[in-house]
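Peer 1: Following is a predicted model, sequence given first.
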Amino acid sequence: MAQTPYETHSALMSGMADRLGADLDEAELRGAITPGIRNDMVLKCTGCTHPEDCRQVLEAKSDFNEPPIYCRNGEALVELANDLKTG
């Protein structure tokens, strides 16, 4: 069965978060983000026009410090990763 766009983008966003060092589950447990904020981030991702580029970047790199310029959640994910490191 094919994934819905929401499921596809949820996986892409989770992959991007992982590569940037932002553990979304840990962030929720610490109260850094709520489930609603996480959902909003996925919805923001569904508006991206570069999902195939994103998928290719995620397949090619195990981790990186900066998200691709087109990432709609890039800034928030980098900030979250930094918060989790210092928090």
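Peer 2: Thanks, I have the structure now. Source: prediction; values computed, not measured.
Peer 1: In terms of helices and strands, where is the most centrally placed residue in the chain?
Peer 2: In the chain, the residue lying closest to the centroid (Cα atoms, centre = their mean) is M13, at 3.0 Å. Under the criterion of DSSP states H and E, M13 resides in helix 5-20.
Peer 1: So what touches that helix?
Peer 2: Here helix 5-20 makes contact (Cβ atoms under 8 Å, 6 or more residues apart in numbering) with 3, 23-24, 41-43, 45-46, 48, 51, 54-55, 58, 61-65, 67, 71, 73-74, 77-78, 80-81. Backbone N, C-alpha and C define where each C-beta goes, glycine included.
Peer 1: Could you work out the end-to-end span of stretch 12-32 for me?
Peer 2: Distance between the boundary residues of stretch 12-32 (Cα to Cα, to the nearest Å) amounts to 20 Å.
Peer 1: Could you pull up the mean pLDDT of that stretch?
Peer 2: For stretch 12-32, the mean per-residue pLDDT is 95.
Peer 1: ok, and for that stretch, which residues are buried?
Peer 2: 12-14, 16-24, 27, 32 (16 or more other Cβ atoms under 10 Å).
Peer 1: Pipe these into a markdown table and attach distance to G87 per row.
Peer 2: Converted to a markdown table, the buried residues of stretch 12-32 look like this (distance: Cβ to Cβ, whole Å):
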| residue | distance to G87 |
| --- | --- |
| L12 | 25 |
| M13 | 21 |
| S14 | 20 |
| M16 | 20 |
| A17 | 16 |
| D18 | 18 |
| R19 | 20 |
| L20 | 15 |
| G21 | 13 |
| A22 | 12 |
| D23 | 11 |
| L24 | 14 |
| A27 | 9 |
| A32 | 7 |
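Peer 1: Count the residues that sit near E79.
Peer 2: Other residues lying near E79 total 13 when counted by other Cβ atoms under 10 Å.
Peer 1: so the helix or strand hosting it versus helix 5-20, what angle?
Peer 2: Here E79 sits within helix 74-86, counting by DSSP H and E. Angular relation of helix 74-86 and helix 5-20 on a 0 to 180 degree scale: 50 degrees, by axes from the mean of the first three to the mean of the last three Cα atoms, to 10 degrees.
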